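Enquirer: coordinates for the following, if possible.
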Amino acid sequence: MTIFFSGMIGLKAREPDHVINLWPEEPPEPSIQVGEEQDFTKPEDNLVAGKRIIKLGNVRTPQIHVFLPDAGHRSEAAMVICPGGGYNILAWDLEGTEVADWLNSLGMTAIVLKYRVPTREQNPKWKAPVQDAQRAISLARNHAAEWKISPKKIGILGFSAGGETAARTALAPVRQYQRMDETDDVSCRPDYAVLIYPAYLANDSKTGLREDVAVSKDAPPMFLAHAFDDPVVPESSVFLFLALKAAGIPSELHIYDAGGHGYGLRSVESLPVTGWTGRCADWMTRNGWTR
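Expert: Presented below is the predicted three-dimensional model:
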């Protein structure tokens, strides 16, 4: 089942150029038994920058929604986008389709990942989302010629729980599922990663990374942004950056003094943290991923 949403009530959202189911049949274990896929947003829910957000839940059939940039403004780079939502829902527009619009403006192919949720009661809760993210990276490489992208310029971007998904996908030494078909014959490792207020990477005492988060010398370069007052703690970004530094992985970290959590890229004039996109665009351009 495919659902297209608008970021604001009464407006039709731009439809993706391609929608592809990740798996040929059923996804690998762990499976998810939930009701019909739907938007769980309620009228009384808090607004973000004055607008509602789409809280997409009950995702049993993971997909990628591919948004291609204008042909005359196309770089060779692509980004798989992992919306956040606490492994309960996906903030589909705030941290998904709106991010795709921004990346398209930079000439990048944007691939919004609709990964399986809810998984917060599973152990580990990140496994099914990471499986979906790894498969999405491999699918993008397999479609590189068709989508006019370089198989060596495919990144991953994630917010909050999607930030953990993106981080673990970038750091995973092996694929988290058994080979299914020829799609899995190419690498599932992203070439770079952008993590915006990533969650759940710091240990419970906030003294370092969780024991199962390991950074090797094969890790890709990363861009990280977090707010000092984020209750989903900035230590996740700080300790990951320090581990990247120790491993010699060129990366960039921005900690803003205020901003909280869950702002996506919706601009708030009084909060410089919502300008992280400018710093990130500079970083991607400097590294040759955008024009």
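
Enquirer: show me where the stretch 151-291 of the chain has strands.
Expert: Using DSSP state E, counting those that start in this stretch, the strands of the stretch 151-291 of the chain run over 154-159, 192-196, 222-227, 252-256.

Enquirer: helices of the stretch 51-200 of the chain, start to end?
Expert: Using DSSP state H, counting those that start in this stretch, the helices of the stretch 51-200 of the chain run over 98-105, 127-142, 144-147, 161-171.

Enquirer: just the CA atoms of the first one, as CSV, please.
Expert: Output in CSV follows, covering the C-alpha atoms of helix 98-105 (Å, rounded to 0.1, in the frame of the first residue of the first chain):
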residue,chain,number,x,y,z
GLU,A,98,10.7,18.3,2.8
VAL,A,99,14.4,17.1,3.0
ALA,A,100,14.0,15.6,-0.4
ASP,A,101,13.0,19.0,-1.8
TRP,A,102,16.1,20.7,-0.2
LEU,A,103,18.4,18.0,-1.6
ASN,A,104,16.8,18.3,-5.1
SER,A,105,17.6,22.0,-4.9
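
Enquirer: what helices or strands is it leaning on?
Expert: Under the contact criterion of 3 or more C-beta pairs under 8 Å, 6 or more residues apart in numbering; DSSP states H and E, helix 98-105 touches strand 63-67, strand 78-82, strand 109-114. For glycine as for every other residue, the C-beta is placed from the backbone atoms N, C-alpha and C.

Enquirer: quick check: mean pLDDT of the second one?
Expert: Strand 78-82 shows a mean pLDDT of 98.

Enquirer: next, the buried residues of it.
Expert: Buried residues in strand 78-82, defined by neighbour count with 16 or more other C-beta atoms under 10 Å: 78-82.

Enquirer: skipping its backbone neighbours, what lies nearest Ala227 in space?
Expert: Gly259 (3.3 Å; C-beta to C-beta, 6 or more residues apart in numbering).

Enquirer: next, count neighbours for that neighbour.
Expert: Gly259 has 22 neighbours, counted by other C-beta atoms under 10 Å.

Enquirer: same check, this time on Ser205
Expert: Neighbour tally, Ser205, other C-beta under 10 Å: 7.

Enquirer: and the pLDDT at it?
Expert: On pLDDT, Ser205 comes in at 97.

Enquirer: ok, it to Arg179 distance?
Expert: From Ser205 over to Arg179 the distance is 38 Å, taken as C-beta to C-beta, to the nearest Å.

Enquirer: likewise Thr61?
Expert: Counting by C-beta to C-beta - Thr61 and Arg179 are separated by 20 Å.

Enquirer: compare these two (neighbour count), which wins?
Expert: Comparing Thr61 with Arg179 by other C-beta under 10 Å, the one with more neighbours is Thr61, at 15 against 9.

Enquirer: to Glu15, which of the strands of the stretch 151-291 of the chain lies closest?
Expert: When the strands of the stretch 151-291 of the chain are compared by C-beta to C-beta, strand 154-159 sits nearest Glu15, at 20.9 Å.

Enquirer: which strands and helices lie in contact with the closest one?
Expert: strand 78-82, helix 127-142, helix 161-171, strand 192-196.

Enquirer: which strand residues bridge His65?
Expert: Beta-bridge partners recorded for His65 (DSSP bridges): Val19, Val112.

Enquirer: ok, it - contacts?
Expert: Counting by C-beta atoms under 8 Å, 6 or more residues apart in numbering, His65 makes contact with 16, 18-19, 96-97, 100, 111-112, 114.

Enquirer: and for Met284?
Expert: Residues near Met284 by C-beta under 8 Å, 6+ apart: 77, 106, 108, 192, 194, 223, 290.
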